[in-house]
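1. mind looking at a prediction? Sequence and model below.
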Amino acid sequence: MQKTTPSKRGGSWIWQALTGVLLILLLGLHMIAQHFVVSGGLRTFQDVIDYLRNPVILVLEAIFMLVVTYHAMVGVRAILYDLGLDEAGKKKATTVLTILGALIIVWAAYLLLRLTSM
């Protein structure tokens, strides 16, 4: 009997789908809180700063930022893979996108903390 090896297909598509669902929920919360419950439809800069000082809101916005970044990086990676990269190209793409995603998250976290300390 011939032994078969399991497929090397990753589970990143599952995370892509889950973050897609999370994005719908978090974007809905963001839109409602930032635009629909505010008189005039927009917050002033100071209103946004005051809003972000609420710890619950800050955590929700940080999670939103993490989910958006992860979803985007995995999406770009999937597109690059679909273009037919060889194994070395896939490894480079994954490394570059991981570093880029980490840098985006660090920068966005810095901005959030900087804004809330104003």
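-> That came in fine, so what should we check first? Numbers count the residues shown, from 1 in each chain.

2. just the pLDDT at the residue most central in space within the chain, thanks.
-> The residue lying closest to the centre of the chain (CA atoms, centre = their mean) is residue 68, at 2.1 Å. Looking at residue 68, its pLDDT stands at 95.

3. in the helix or strand harbouring residue 62, which residues are buried?
-> For residue 62, the host element (DSSP states H and E) is helix 55-82. The neighbour-count check on helix 55-82 (16 or more other CB atoms under 10 Å) flags 57-58, 61-62, 64-74, 77, 80 as buried. C-beta: built from backbone N, CA, C; applies to glycine.

4. does anything pack onto it? Which helices or strands?
-> helix 12-31, helix 45-52, helix 87-116 (3 or more CB pairs under 8 Å, 6 or more residues apart in numbering; DSSP states H and E).

5. in TSV, list those along with mean pLDDT.
-> Below are these laid out as TSV (pLDDT from 0 to 100):
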stretch	mean pLDDT
helix 12-31	91
helix 45-52	88
helix 87-116	95
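
6. still on that earlier bit, the helix holding residue 62 vs helix 87-116, what angle?
-> Interaxial angle of helix 55-82 relative to helix 87-116 (axes from the mean of the first three to the mean of the last three CA atoms, to 10 degrees): 160 degrees.

7. how far does helix 55-82 sit from the chain's center?
-> 1 Å (CA atoms, centre = their mean, to the nearest Å).

8. same check on stretch 84-96?
-> For stretch 84-96, the distance to the chain centre is 21 Å (CA atoms, centre = their mean).

9. same check on stretch 98-110?
-> 10 Å.

10. please apply the same query to stretch 66-83.
-> With CA atoms, centre = their mean, you get 10 Å for stretch 66-83.

11. list of residues touching it?
-> For stretch 66-83, contacts defined as CB atoms under 8 Å, 6 or more residues apart in numbering pick out 12-13, 15-16, 19-20, 22-23, 26, 89-90, 93-94, 97-98, 100-101, 104-105, 108.
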